[in-house]
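Undergrad: sequence first, predicted coordinates after that:
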Amino acid sequence: MTLRHILKPIKIGRLDVKNRIVRTGHATYHSQDRFIGGPDLTAYHQARAKDGCGLSMLEAGEVHESSSHGTSIADDRIIPRYQHLMNAVRPYGMRVFQQLWHAGNIWPAASGFALGASTVAGPWGLVPLEVTHEQIEELTSAYVAAALRCQEGTLDGVEVHAAHGYLPVQFLSPAINTRTDEYGGSFENRLRFLRDIMRAVRKAVGTDFVVGARFSTSVFSEVLGVDDMVRAVETLQGEGLVDYVNASYGDYFRVDSMNPGMHEPTGANLPFAAPLMAVAKLPRITGGRFRTLEEADQVIHEGVADMVSLVRAQIADPTLITKTLAGQAERVRPCIACNQGCIAGVFRDHRVGCVVNVAMGRELTLSEDLIRPTSAPKKVMIVGGGPAGLEAARIAATIGHKVILAEAMPSLGGTINVAKRAPYLHTMGDITYWLEAEIYRLGVEVRLNTFVEPDDVRAEKPDLLIVATGSQPRMDGVQSCDPGAQAEGVHLPHVISSTDLLTDPNRVLGKTALVLDNTGQYEAIAATDYLLSKGLAVTFVSTDFSFAEKVRPTLRDDPALKRFENGDFTMMIRHMLVAARPGFADVRPVQHSKIKTVPADTVVLVTTNLPVRDLYLALHKEMDVSLVGDAVTPRDLYYAIQEGHHAARRLQGAEDLNLVGRLSRSVA
């Protein structure tokens, strides 16, 4: 492997950066309170600095109390926190910038209202107060004050966030800015707010301190098109107001545009960011689902950008650079771009996590650097070779225990072996491939085609048994919205599970299908994608109040609906299955009994799975047993890997004290 470009140093303004590996600004919510900084955030960035990252940008910092939903930098108390963070990362040579940010009309402030360029509502329907001239002066001063705090905190630079639909581009947008004063109308007037901020910041911090800006166009050209943003880049660099250009894509009118998921290709944002970088005569930064140094190196080689961001890749593996440079790229834990931890974590845990890296954001307590080989190896038996069992085996073996992993199927991977067969889900398999390689490298004894009975475990006499036996489709027609109204006809041969659908490519499906979604998870989307790819007309019946409710936090629901438009697709929300009949299915609204009949040569039931707990129930009173993953309760990959990790980690006394960890040992 030869990396010709990504490791070369680069100068941004008057600042030397040791390589071209970047982590652009991304919300973590790891700060100890509303103000940026604290032990967790510092440890998170320090781990990536130690690995060799050249430049990191701290997450969007609120410059003024009228902005919210981020982390505040509008208070002098952040200065010593900055200094502490910089003392932690500076020995490793990583440069650090801070994003200067105001959300504008996207979220309300603590006051309950938002400020905006005009009274045009934001993407969530929030109607802001139109910013007055006095408030414009106050906001400009707030940007300056924030930049000076960064400078006093010994950071290396600041980045004005003029992308993703935030306040500066709300002024720039001809659709959102309807003002008739000197801040509205012509391009020059609409740019005035951002340009004046850049001028004021540059004047305040001087020329030795880096000042950059992040730019992006909207998914809707009438909101903010390429031409206006290109002119903005040209104007600001022409006046010497920016030292670099960070080109991104998208806004909150299509949130997924900013964080492309596994359905998107590597470099998904490049076609949209490229026009902005093409006019830049300064160092250019871009990102968008890059996972390896080789991919980033190629972008620089092609002259599209000068630096490349690998945020999620370095969330997934904080040793990505070290392993790659040591010739061990295959050992890099892969980001699978599922967004279940990094994006959905904000909604679930109020902080960013990672599906494949349990220690993300908890480096102080769960970093794998803290694992020390045990001096008293124990015998650990794990039953179930899905993601939960694989992660448990990896951690137990890393600690130094003797590990036996038994799997009933002829291959490892569990439910992921089914999921990865669906269109757009192939990268799900990347993490189980990696886990499998790791456990073999660590010397785990793997027994395939092995169905384990209680007496088999008793004969092994393990010190710890970890039951990761997963769950199985529940095909009884019970729907959680009305469990007393069991669907009829579910025993018929054309009524199948998503597992049946995806594992039997020769199945005769007919011309029409009904997919019943009673979980709100991605499973029903996967089934629909598969059926549409086979040319069937699909009726999607959801018992929920909206389409794929639990998928929404991962930003993968809108892209699915967009794909479905290319096929014969009909959606019925808040409906349930009444009966399956040959060639047809009867459905009704959840709220009343009016029957509707739809064509359905195939019916796919996606209902809540049945946990497989038999082994646990037989043994939990006579030995130390942990129950993990879907065997606890069927959920998603995030919980499976988390629980497998914690079950093994407690062997070294480093269990994360959360509800999931406690539940995994108390189910009876």
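TA: That came through, no problem.
Undergrad: contacts, neighbours, all on C-alpha from now
TA: Fine.
Undergrad: what are the ranges of the helices in the stretch 551-668 of the chain?
TA: Secondary structure of the stretch 551-668 of the chain by DSSP state H, counting those that start in this stretch: the helices cover 557-564, 614-619, 637-649, 659-663.
Undergrad: next one: the stretch 251-400 of the chain
TA: In the stretch 251-400 of the chain, the segments counted as helices under DSSP H, counting those that start in this stretch are 270-278, 293-301, 311-316, 320-325, 344-349, 363-366, 387-399.
Undergrad: what's the offset of the second one from the middle of its chain?
TA: By that I understand helix 293-301. Distance of helix 293-301 from the chain centroid (CA atoms, centre = their mean, to the nearest Å) equals 22 Å.
Undergrad: returning to what we had before: now the helices of the stretch 551-668 of the chain in CSV, with mean neighbour count and distance to D463?
TA: Conversion of the helices of the stretch 551-668 of the chain to CSV gives the following (neighbours: other CA atoms under 10 Å; distance: least, CA to CA, whole Å):
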stretch, mean neighbour count, distance to D463
helix 557-564, 16, 44
helix 614-619, 17, 13
helix 637-649, 27, 12
helix 659-663, 15, 19
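Undergrad: between these, which gets nearest to A337?
TA: Of all the helices of the stretch 551-668 of the chain, helix 637-649 sits nearest to A337, with 12.3 Å by CA to CA.
Undergrad: how big is the angle separating the closest one from helix 387-399?
TA: 30 degrees (axes from the mean of the first three to the mean of the last three CA atoms, to 10 degrees).
Undergrad: same for helix 637-649, what does it pack against?
TA: Packing partners of helix 637-649 (3 or more CA pairs under 8 Å, 6 or more residues apart in numbering; DSSP states H and E): helix 387-399, helix 659-663.
Undergrad: got a list of what the residue nearest in space to the middle of the chain touches?
TA: What sits nearest the mean C-alpha location of the chain, by CA atoms, centre = their mean, is N339, with 2.5 Å. Contact partners of N339, counting by CA atoms under 8 Å, 6 or more residues apart in numbering, are 261, 554-555.
Undergrad: distance of it relative to A422?
TA: Distance of N339 to A422, given as CA to CA, to the nearest Å: 17 Å.
Undergrad: and N105, what element?
TA: Per DSSP states H and E: N105 is located in neither a helix nor a strand.
Undergrad: show me the contacts for the closest residue to Y166 other than its chain neighbours.
TA: Closest residue in space to Y166, ignoring its immediate chain neighbours: A103 at 4.8 Å, by CA to CA, 6 or more residues apart in numbering. Taking CA under 8 Å, 6+ apart, we find A103 in contact with 67-68, 165-167.
Undergrad: separate out the buried members of those residues.
TA: 67-68, 165-167 (16 or more other CA atoms under 10 Å).
Undergrad: closest one of the residues you listed to L148?
TA: Distances from L148 to those, taken by CA to CA, are shortest for S67, at 18.8 Å.
Undergrad: so the closest one, which of the three states?
TA: coil (DSSP: H, G, I helix; E, B strand; the rest coil).
Undergrad: and the residue located most distally from the centre of the chain, which helix or strand is it part of?
TA: Farthest-out residue of the chain from its mean C-alpha position, per CA atoms, centre = their mean: A459, at 42.7 Å. Per DSSP H and E, A459 falls inside helix 454-460.
Undergrad: same for that helix, what does it pack against?
TA: helix 614-619.
Undergrad: pLDDT of the helix it packs on, averaged?
TA: For helix 614-619, mean pLDDT rounds to 98.
Undergrad: name the helices or strands packed onto that helix?
TA: Looks like helix 614-619 contacts helix 454-460, strand 625-627 (3+ CA pairs under 8 Å, 6+ apart).
Undergrad: and the last one, which strands flank it?
TA: Sheet neighbours of strand 625-627, with direction, are listed as strand 464-467 (parallel) (DSSP bridges).
Undergrad: immediately after the partner strand, which helix or strand?
TA: Next element after strand 464-467 (DSSP H and E): strand 471-472.
Undergrad: and the strands in the stretch 401-550 of the chain?
TA: Using DSSP state E, counting those that start in this stretch, the strands of the stretch 401-550 of the chain run over 402-406, 445-447, 464-467, 471-472, 495-497, 512-517, 537-542.
Undergrad: any chance of TSV for the ones you listed, columns mean pLDDT, distance to W124 and mean neighbour count?
TA: As requested, the strands of the stretch 401-550 of the chain are arranged in TSV below (pLDDT from 0 to 100; distance: least, CA to CA, whole Å; neighbours: other CA atoms under 10 Å):
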stretch	mean pLDDT	distance to W124	mean neighbour count
strand 402-406	98	48	22
strand 445-447	98	50	18
strand 464-467	98	43	25
strand 471-472	96	37	19
strand 495-497	98	36	21
strand 512-517	98	26	27
strand 537-542	98	24	24
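Undergrad: same list (the ones you listed) but as JSON lines, adding distance to F97.
TA: Shown next, in JSON lines, are the strands of the stretch 401-550 of the chain (distance: least, CA to CA, whole Å):
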{"stretch": "strand 402-406", "distance to F97": "44"}
{"stretch": "strand 445-447", "distance to F97": "47"}
{"stretch": "strand 464-467", "distance to F97": "44"}
{"stretch": "strand 471-472", "distance to F97": "46"}
{"stretch": "strand 495-497", "distance to F97": "50"}
{"stretch": "strand 512-517", "distance to F97": "45"}
{"stretch": "strand 537-542", "distance to F97": "45"}
